[in-house]
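Asker: how would this look folded up:
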Amino acid sequence: MEIYILNVVVFCVLVPSSNLQLLINVRNQGGDVMQENITANVSEDTITLEFLRPDGVYVSQLVDFTNEVEAMKVIIPGEEELGQTGHQTLCFLTHAAQADFIAPDAMAKLRQKNPGTVRVAEEDKGWRQSTATAWAGRATRRLSASAARHCTAARRVYLRAADLARWPPRPGLEQSSYEADVTPFPEHALGTRAADGMPTINVCLAETDPTKDCMCHLEVCVNWYPCGLKYCKGKPQGGLSYRCGIKTCHRCYRYHFYVRQRDACLSYI
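Answerer: Predicted coordinates for the structure are as follows:
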């Protein structure tokens with residue numbers, strides 16, 4: 001197998017087959033150093049990136065390249081001083097056409113150099129906003145077995161109708177079957193949109209009645225991930241370019257989703 005020795009990768013653990021696990025020390029925008037765990041599963045054609053934020057929120061992002069599904073799982077601990085107990089696990093499915101991770105087979109060729117170095121991404125990709133319109137229900141497994149396993153512990157799995165229409169029918173499954181398996185949010189949460197594109201239903205941050213429904217929001221930033229391959233020129237006599245490294249990026253996500261009562265929104269504060 002061709003191997004790429006990359007200065008930007010800090011640690012690697014070989015796992016069976018052509019899979020690879022990378023442990024990366026990353027500095028976030030607040031100056032805190034976190035450790036990201038990135039796993040490339042070549043046999044399943046997936047990449048998983050996970051980390052624990054300084055505030056105790058656990059984030060795990062999976063990209064299923066074959067089925068074009070991206071699943072963002074977030075586990076939010078309750079705030080004891082606010083009377084919140086336990087934790088909340090949420091999962092968001094989006095179409096992976098916009099996912100800019102390098103492919104699992106390319107990831108599996110990476111090898112570590114300069115272990116222990118704290119990394120900062122080369123490019124800031126900005127914010128990506130997503131407003132869910134439905135609970136995914138049984139459609140999760142139909143869309144991606146890998147995403148279904150990834151989201152097993154989630155209290156709710158959310159997706160957008162716009163993405164549902166973009167996923168191609170799976171073998172032996174008509175597109176309409178996806179729609180039959182999801183549960184749309186109530187009409188008043190999906191109806192008239194304000195100028196910013198959000199539903200006119202109250203956002204949870206502004207809702208004072210803990211029993212009222214509202215639109216919750218959740219922000220997640222992935223501070224470092226391989227988002228492309230770099231190519232270098234060969235010797236003058238050959239002139240051919242070759243892969244000589246990876247490009248790294250920073251990306252933030254803002255998810256909007258419906259909750260039946262404000263107290264179910266642990267992430268709005």
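Asker: Please make it C-alpha for all contacts and neighbour counts, starting now.
Answerer: Fine.
Asker: where does the stretch 51-200 of the chain have low pLDDT?
Answerer: Counting by pLDDT under 70, the ranges of the stretch 51-200 of the chain that qualify are 79-85, 98-99, 111-112, 115, 172-177, 191-200.
Asker: What segments of it are helices?
Answerer: Ranges of helices within the stretch 51-200 of the chain are 104-107, 139-143, 145-150, 161-164, 175-181, 187-190, based on DSSP state H, counting those that start in this stretch.
Asker: now the ones you listed in CSV, with mean neighbour count and distance to V259?
Answerer: Below are those laid out as CSV (neighbours: other C-alpha atoms under 10 Å; distance: least, C-alpha to C-alpha, whole Å):
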stretch, mean neighbour count, distance to V259
helix 104-107, 21, 35
helix 139-143, 20, 19
helix 145-150, 18, 21
helix 161-164, 16, 17
helix 175-181, 15, 19
helix 187-190, 14, 10
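Asker: Reformat those helices as CSV; add distance to P54.
Answerer: Output for these, formatted as CSV (distance: least, C-alpha to C-alpha, whole Å):
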stretch, distance to P54
helix 104-107, 27
helix 139-143, 30
helix 145-150, 22
helix 161-164, 31
helix 175-181, 37
helix 187-190, 33
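Asker: right, and those helices - which one's nearest E70?
Answerer: Closest approach to E70 among the helices of the stretch 51-200 of the chain (C-alpha to C-alpha): helix 145-150, 7.5 Å.
Asker: circling back to that earlier point, of all the helices of the stretch 51-200 of the chain, which lies closest to N19?
Answerer: Short answer: helix 104-107, nearest of the helices of the stretch 51-200 of the chain by C-alpha to C-alpha, at 8.0 Å.
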